[in-house]
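Colleague: Okay, here's the prediction I keep looking at, along with the sequence it came from:
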Amino acid sequence: MSTTAMQMMEMHSDAMQGMDLAVMQECIEACAACEQACTMCAGAMAITPEMAMCAAMCQNAADLANTMMRTMLRPNGMNGPAMMAMHQAMVVMCMSCADECEAMAGMSADCAMCAEVCRQCAMACQKMIDSMLVG
């Protein structure tokens with residue numbers, strides 16, 4: 001995340017009660033990387049019929065990662081229970097996508113890389129959940 005974006009988040013920290021900004025920054029960056037990797041993987045897999053499920057999972061994960069990232073960048077609209085549920089959904093989506101991509105990793109280097117990025121995103125979202133439970 002850019003320095004400017006982090007400064008803007010800090011200016012609105014009063015609206016983000018219970019949110020650890022450093023953990024949130026890490027989660028936003030992981031979601032951005034997940035969106036990019038999943039979009040690229042889906043594009044590479046879309047031409048292969050046996051990879052249709054993998055491509056669809058990647059498209060769904062990319063869309064959810066984008067939504068999660070954008071939601072975290074809207075401090076005035078933060079609602080603890082909704083943020084918690086969204087992060088939990090992101091963990092499940094990332095792990096499901098990672099499992100699907102991992103199963104296809106022997107057929108595609110894109111899938112192997114995407115699986116790793118999805119797992120990293122799931123860990124970042126879980127870390128965000130954990131920080132919300134403490135905060």
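Modeller: That came through, no problem. Residues are numbered from 1 along each chain as shown.
Colleague: how far away is residue 79 from residue 72?
Modeller: Distance, residue 79 to residue 72, using C-beta to C-beta, to the nearest Å: 12 Å. For the C-beta atoms, the positions are set from N, CA and C on the backbone; glycine is no exception.
Colleague: Which one's more surrounded, the two?
Modeller: residue 72 (22 against 10; other C-beta atoms under 10 Å).
Colleague: Let me see the confidence value for the closest residue to the more buried one other than its chain neighbours.
Modeller: Counting by C-beta to C-beta, 6 or more residues apart in numbering, residue 28 is the residue found nearest to residue 72 once chain neighbours are left out, at 5.3 Å. On pLDDT, residue 28 comes in at 93.
Colleague: And residue 28, which helix or strand is it part of?
Modeller: Using DSSP states H and E, the element containing residue 28 is helix 21-45.
Colleague: For whatever helix or strand comes next after that helix, enumerate the helices and strands it packs against.
Modeller: Going down the chain from helix 21-45, the next helix or strand is helix 52-72, by DSSP H and E. Taking 3 or more C-beta pairs under 8 Å, 6 or more residues apart in numbering; DSSP states H and E as contact, the helices and strands that helix 52-72 lies on are helix 21-45, helix 80-104, helix 109-134.
Colleague: Distance check, the residue nearest the centre of the chain against residue 129.
Modeller: Relative to the mean C-alpha position of the chain, the nearest C-alpha, by C-alpha atoms, centre = their mean, is the one of residue 31, at 3.1 Å. Residue 31 sits 14 Å away from residue 129, taking C-beta to C-beta as the criterion.
Colleague: and what of residue 76?
Modeller: According to C-beta to C-beta, residue 76 and residue 129 sit 21 Å apart.
Colleague: Looking at these two, which is more packed in?
Modeller: residue 129 (20 against 8).
Colleague: show me what contacts the residue nearest to the more buried one when sequence neighbours are not counted?
Modeller: Closest residue in space to residue 129, ignoring its immediate chain neighbours: residue 87 at 4.9 Å, by C-beta to C-beta, 6+ apart. Each residue near residue 87 by C-beta atoms under 8 Å, 6 or more residues apart in numbering is listed here: 27, 68, 125, 126, 128, 129, 132.
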